[in-house]
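# I'll drop the sequence and a predicted model, then ask my questions.
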Amino acid sequence: MYVSKMIDRLKFSIFSPEMIRKMSAAKITVPDTYNDDSYPIDGGLVDQRMGVIDPGLKCKTCGGKLRSCPGHFAHIELVRPVIHPEFGKTIYFVLKSTCHSCKRLLLSEKQVEDLSAVIESDIEMEMKSKTKKLSKCPHCHTALEEIKLLKPTGFSKGKQNMLPTEVRDWLSQVSDKDLRILGFDPMHARPEWTVLTALLVPPVSVRPSITLETGERSEDDLTHKLVDIMRINQRLEANINAGAPQLIIEDLWELLQYHVTTYFNNDTSNIPPARHRSGRPLKTISQRLKGKEGRFRYNLSGKRVNFSARTVISPDPNISIDEVGVPLEIAEDLTVPIKVTTWNLEDLKKYVLSADYPRSLYVLRPDGKRVLVNDLTRQECADTLCIGCTVERQLINGDTVLFNRQPSLHRISIMCHSVRVFPGRTLRLNPTVCPPYNADFDGDEMNLHVIQSEEARVEAELLMKVHRQIISPRHGHAIIKPQEDYVSGAYYMTRNDALFTKAEACNLLAIAGVNDLPSPDKGDKYSGKLLFSMLLPKELNLQMRSRLSKKPAHEIDPDPDANIVIKDGILLSGALESKSFENEILEKIVHLRGNEAALRFVDTATRMSLAVITRQGLSVSLRNYSLPSEIGNKVEELQDTMRREIDTAIMQYKNGTLERISGRSMRESLEDKIMGITSRTRDNSGKVIENHFGFTNTAILMAKIGARGSLLNAIQMTAMVGQQAVRAKRVKRGYRGRTLVHFKRGDVGAASRGFVFNPFSKGLLPTEFFLHSMGGRESLVNTAIRTARSGYMQRRLINALQDMVVRNDYSVRDSRGMVVQCIYGGDGVDPMRSGAKIAIPEIPDALKPSENDV
Amino acid sequence: MKGKTKVDIGEAVGIVAAQSIGEPGTQMTMRTFHYAGVAEQVPTGLPRLIELVDARKEPKKPFMDIYLAQDASEAAAREVAQSIECTKLNSIAQIEENFLEKKIEVTVDQKELDLMRLSMDDVKKALKAATSGSLEANGNVITIKPSASSLRNIRRLTNKLRILHLKGVERIRRALLLKGKDGKYFIRTDGSNLAAMLKQPKVDTQRVYTNDVKEVERVLGIEAARTCLVREIKQVLDLQGLTVDVRHCMLLADAMTMDGEVKSIGRHGLSGEKAGVLARAAFEETIKHLIKASTGGEEDRLIGVTENIIVGQTVPIGTGLVRLKMKLG
């Protein structure tokens, strides 16, 4: 993109009345907008010299029409000066720091000198403390009077109220030198300019009126407010000219002040907000800028784009992970601009000449004219197509697009995909890329952006392509990884009993795109391990403990299946589970062969494992979750023991023989003990179930290999739901002395405090259901609060850290150039490439602190 | 290998760090944690992370881990734990004021006294030092007749006596003996007082730890505070089972401490002191920043990210940092 001009800096200042008058295109004299013919009144608040918003009219200042005229400011001459409400505090500060008689700073020469050592931001505090106890001006020795700020715009000196005219006079007599000390820039911001004598009126385009269906005009809130100001201003003028009593004039003056105050900020404290006829508070200048929906955050920091699409997503495991399936309907609407060159002229002509997809929608001529390509213009466009033109062509396979799902919590929420156009109405993505987007297919929608410039395309492909994001910068582990059914598939494929005939083997390899067939290793059959190994790089070596190992991590497990061993790219032992398949192997490949190889591995391995699991079949049924009576009895026994144990604990508590946990009361100790008993019971029942079902139960199998679900899910469905908790304690609230009327008062046993004995498969008792729902509600409420809180925390973090960048010397600095870290992370290593490791050098003995140092 | 793992120049490490710490925020629990009987409802997870990032004056539940220098036997550790636990008069005695006779009666509970390993003499000594006037002991009841005997003074004195320090270290509400992973004993306390703990005999001053970052800053300085911050942030995340690279935590801690004091993330800290007017106005307190900028005639040099987004220019990050100069002719 060609940049002709750049903004170097922005200067903030206050408009002086002279400046306002100078830049004003019109002086507003009539407190009204349109006349009876709905034509703008001259000198009214929609004077045409301020620009126009009605189609057909011309701006009287620049001659521009609706779109071409940016609008011009006008002004209102205020009959009496009025204080700008937002500057109340600033004015107060100046008044407090100067003498009311000689208007000099209330500091001796010496103090002024000392002040130069104070940091700018602390000047206000410093002044306050220095002038606080002063009773006389150090220069003219006049006794000082107490100045008070009556928020937001009133001032009093001693016991007398000060009129804005007085304030203005005072402020205008403070010297530039003194103002500079107070932190003002007197060239651009004299304090007396904050007492308004002329009010700047924004152009109409800033406050457009809307025409309702009835043909009635509805003016913008700002216009309403300006009309109010004009009315009072005129009344005040008339009264002054008529020589009305001072009291009346002051009343009107105050009213004018009120209107100006609310014009700037309609929720100033101590001031009743100005309201619309309907009772709705007006949205004035301050409200327009402030907050999430304000100008800054909504319009300035948030940009809107063209060339984007949004629709529901659905999974497609057959496309590559760096592709995105785009519905034809969308592809027909979105365009890619392509510059015409000698080399692609003929090619692009075809697009221009074509009547159906893929065709060109617009041609941009070298003179900047945009021509719509349709049946009438098609031939002409093609004939006149020349170098320097740009053809806007429909989206086709292989185009580069950005794909995004909100909330965009991290950078991998937006990634670069290449397009595959498909029939249908949903955007399709490979389920393997769900984790970075945090997407699922229960109705999620995602956004698509078509890249419009060559530079952007190169950047996106180099930096944002999916395969570049396989490793997350958050922890250096894989985030784009095969999960759930892929893991089950890989497990079934690499199990020892997984044998495939030649036909099956050929099929599987072909699906994965492998063209050589190894010689069979198990008689005339092929082991799944061998077939899977075909996808691994030859230099891959890996030895790790399987999740399926029953021994603790530090002990050696002699069972060969408990250890996953890959030697020179051949899987020798162990069945793959989530840890090895999702992370270890994939991460190793990234480090050995790079991102593209990893992408190919993910594509092929997922396809292969999906083929296996599709043929194998994997499902759960009610049988997986119903217990035979002898096992059911065992669970009931456990529950009986639990009841007994709880009863004993309660007895002990009543006798006072319960062991007290230090730092807790007896009651708390009892609760702790019971919580321990209940959770132990549930865990024990889990063991019973595990022993009974083993791997024959697909739910447990999936939990064990880390494909989906957990053992807890299985327990809750088959054995018992277990203890329900509210605020990390057993359920306690409800009626006096009991949770529900179904229990006796004072019953602190398991059932009355929210222990659910039944499993989900059998169904819950009404009381259990109720108490269970209490726990459920709490977690729902927590989730809602958590999202809000963490969202705000992240906004703050981003805002504080966003300017920090690695500089050429590997230091991290903020936008001011201040060093945050001398070398990024202490070692200059990118977490994404670190392999989730840190190499902290050993501290040499000489540098270690010795005993004597303390 | 080294070259392969280096960061790219221009990488927006700040944003990556903020995202890496912020993104898992939604997965964190809100539950409080209780530390082995010392303090209950110690914030963990999101509330604790927010507390750290806010750089609060004092954490909601400050605690310390104290290791012993040489003799780390159970008995020695227990003794130290006992000696540092702060005991106030009202926890071992009933204090009643008698306005009619203008005296204060302190009834000491012998059981509690023994539990705290204090004697009546200790109590008397402390009372004597704290009061002026006559002191009379009768068994476990001590009667004080203050010399300044206006009602107001009596009330004031009783209030003072209630929190009369008898023994231990100030602000250490409880001290509990725990067995570490290495089998050695250490003391965990409810409440934190690093400065005093460093002066305690028998305490390994190199390993004393407190979770109060601001206190570490006050006592040991900014570098120690940074280390403490990194450790606390990392620990919160680890406890939730969330893996986040330390470098992100380090960058956050470094940013918070770069100016020589622990500053919060937010409008009162880092964000409120940013260079650009527009950046500050776009974050929070829009009007305030605009007004301040106008009176001071401030300039926005458009050097930050937000500012350039607002005016629609290239952001000075990553590829946006690269400038090309073309040789003409």
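Cool, the structure landed. Residues are numbered from 1 along each chain as shown, chains lettered A, B, ... in the order given.
# assign the closest residue in space to A:Asn430 that isn't next to it in sequence to helix, strand or coil.
Nearest non-adjacent residue to A:Asn430, counting by Cβ to Cβ, 6 or more residues apart in numbering or on different chains: A:Ile321, 4.5 Å away. C-beta: built from backbone N, CA, C; applies to glycine. Following DSSP: H, G, I helix; E, B strand; the rest coil, the label given to A:Ile321 is coil.
# per-residue pLDDT of residue 168, please?
No chain was given, so I picked chain A. On pLDDT, A:Arg168 comes in at 91.
# that's the wrong chain, I meant chain B
With respect to pLDDT, B:Gly168 has a value of 81.
# helices or strands up against the helix or strand hosting A:Ala510?
Using DSSP states H and E, A:Ala510 falls within helix A:502-512. Here helix A:502-512 touches strand A:526-527, helix A:528-533, helix A:595-616, going by 3 or more Cβ pairs under 8 Å, 6 or more residues apart in numbering or on different chains; DSSP states H and E.
# 10 Å instead?
If contacts are counted by 3 or more Cβ pairs under 10 Å, 6 or more residues apart in numbering or on different chains; DSSP states H and E, helix A:502-512 sits against strand A:499-500, strand A:526-527, helix A:528-533, helix A:595-616.
# quick check: residues of the stretch 301-450 of chain A near chain B?
A:Ser301, A:Gly302, A:Lys303, A:Pro407, A:Ser408, A:Leu409, A:His410, A:Arg411, A:Ile412, A:Ser413, A:Asn438 (Cβ under 10 Å from any Cβ of the partner chain).
# quick one, which of those are buried?
Those of those that meet the buried threshold are A:Ser301, A:Leu409, A:His410, A:Arg411, A:Ile412, A:Ser413, A:Asn438, by 16 or more other Cβ atoms under 10 Å in any protein chain shown.
# doesn't A:His410 make contact with the last one?
Yes - in this structure A:Asn438 lies within contact range of A:His410 using Cβ atoms under 10 Å: 9.4 Å.
# so what sits against both of those two?
B:Glu23 (Cβ atoms under 10 Å, 6 or more residues apart in numbering or on different chains).
# and the most centrally placed residue in chain B, what does it touch?
By Cα atoms, centre = their mean, chain B has its centre lying nearest to B:Asp212, at 2.2 Å. Contact analysis of B:Asp212 by Cβ under 10 Å, 6+ apart lists B:56-59, B:61-64, B:171, B:191-194, B:218-219, B:225, B:228, B:232.
# show me where the stretch 351-500 of chain A has its helices.
A:378-384, A:434-437, A:454-459, A:485-494 (DSSP state H, counting those that start in this stretch).
# ok, the stretch 101-250 of chain B next?
B:110-115, B:120-130, B:151-162, B:194-199, B:213-220, B:222-239, B:246-257.
# of all those helices, which lies closest to A:Arg9?
Evaluated with Cβ to Cβ, these place helix B:246-257 nearest to A:Arg9, the distance being 25.0 Å.
# what is the burial count for residue 206?
In the absence of a named chain, chain A is used. Using other Cβ atoms under 10 Å in any protein chain shown, the number of residues around A:Val206 comes to 17.
# actually chain B
B:Gln206: 12 surrounding residues under other Cβ under 10 Å.
# swap in A:Asp42?
Neighbours of A:Asp42 using other Cβ under 10 Å come to 13.
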